[in-house]
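1. Need the 3D shape of this:
(one chain, ligands or ions: 1)
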Amino acid sequence: MARQLKAGTSKTLGLIVPDASNPFFAEVARGSEIEAQEADYSLLMGNSGQDVERESKYFNLFQEQRISGVLVSPIEDVREEVESMRSQGTQTVLVDRKADPSICCSVSVDDIAGGRMALQHLIDQGYRNIIFVAGPLEIQQVADRLSGAREAIRQSRGGAQLRVITTKNLDVLDGREVGSQIVAMPPIERPDAVFAANDLLAVGVLQAFVFNASIKVPEEIGLVGYDDIAFAESAIVPLTSIKQPARLLGKTGVEMLIEEIEDPSGHRHRQITFQPALVVRESTTGPSAR
Ligand code: RIB
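-> Numbering: from 1, shown residues only. This is a model prediction of the structure:
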């Protein structure tokens, strides 16, 4: 790497993710790493921790190290960083976020379709009084899932209702906290189903239901997550989830990045959007589910 840097070239890529502890981003990183290695590139990863300052420091670090390209799942708009990096010869591709075609390439998943799919499944299973456990609505992926969920509610023509509970983090502990809030509700106020913005929240909700109050999932409350991380299948009640092709996102992002690095003048920005998939498991299809 030192020789490459000295020569003014560096077959090294950078990856910045908002939460390295989330198995979804670990899978994105794995897909990126495999593709980078196959193209004889190294990959360095930074965790922004959903903190814009930390994300900016990684952009600066990768620029100082004359990294050839950066794959980033951005927290907010990174237009300025992308243009600054490109002016220094470092290309950028957004992953898990659709980019403006005039700025850079991106590879993402249609989260509006994913949210709609989750709610439509619950409605089809006979659930009607649903809570969306959101995480921070400032996160574009979460906001898109809620938009899709609301589309399904509108299409149900009053047949179903949706309440929203936001949390600070998209993790198991915050999911468990919301699950405990639902357990504490008078039974008449409890939902008959929960859609969680990601699987970590869903696992936390499930823990609160099963360990604190023996609320039966799915007989009393159905549960859908999002990402379909490996743990969704092995949860104490196997979790219905909306699958994102996480490893493919990483692989495709690196492919696009290397294309632009190796032919910047001939490159045309592309926005690739994959479709999510509903994976139905016991958490919405129990013996007496609707
Ligand atoms: O970053 C929050 C969520 O958005 C992750 O769980 C994953 O679903 C991503 O798309």
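
2. Could you give the number of residues near the nearest residue to residue 23 once chain neighbours are set aside?
-> Nearest residue to residue 23 in three dimensions, chain neighbours excluded: residue 229, at 4.0 Å (Cβ to Cβ, 6 or more residues apart in numbering). C-beta: built from backbone N, CA, C; applies to glycine. Neighbour count of residue 229, defined by other Cβ atoms under 10 Å: 25.

3. for the chain, what spans make up the helices?
-> 2-6, 23-38, 52-64, 79-87, 111-124, 140-155, 172-184, 199-207, 230-234, 246-262 (DSSP state H).

4. circling back: and the gap between the residue nearest to residue 23 and the ligand?
-> 8 Å (Cβ to the nearest ligand atom, to the nearest Å).

5. now residue 199
-> 7 Å.

6. I'd assumed residue 228 was in contact with that residue.
-> Yes. Between residue 199 and residue 228 there is a contact at 6.9 Å, judged by Cβ atoms under 8 Å.

7. between these two, which one's more packed in?
-> For residue 199 and residue 228, the more surrounded residue by other Cβ under 10 Å is residue 199, and the numbers stand at 28 against 25.

8. how about the nearest residue to that one, chain neighbours excluded?
-> Closest to residue 199 by Cβ to Cβ, 6+ apart is residue 225, at 3.9 Å.

9. any residues touching stretch 163-178, and which ones?
-> 19, 21-22, 130-137, 139, 142, 146, 181, 191, 196-198, 200-208 (Cβ atoms under 8 Å, 6 or more residues apart in numbering).

10. Show me which residues of this structure sit near the ligand.
-> Counting by Cβ under 6 Å from any ligand atom, the chain comes close to the ligand at 18-19, 22, 24, 96, 139, 141, 170, 198, 226-227.

11. ok, back up a step: got a PyMOL select line for the buried ones in the contacts of stretch 163-178?
-> Per 16 or more other Cβ atoms under 10 Å, the buried members of the contacts of stretch 163-178 correspond to this PyMOL selection:
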select buried, resi 19+22+130+131+132+133+134+135+139+142+146+191+196+197+198+200+201+202+203+204+205+206+207+208
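
12. picking that back up, residue 21 is in contact with the residue nearest to residue 23, correct?
-> No. Judged on Cβ under 8 Å, residue 229 makes no contact with residue 21 at a distance of 11.6 Å.

13. Can you name the residues that contact the closest residue to the ligand within the stretch 151-290 of the chain?
-> Of all residues in the stretch 151-290 of the chain, the one sitting closest to the ligand is residue 198 (3.4 Å; Cβ to the nearest ligand atom). Contact partners of residue 198, counting by Cβ under 8 Å, 6+ apart, are 22, 24, 135, 170, 225-227.
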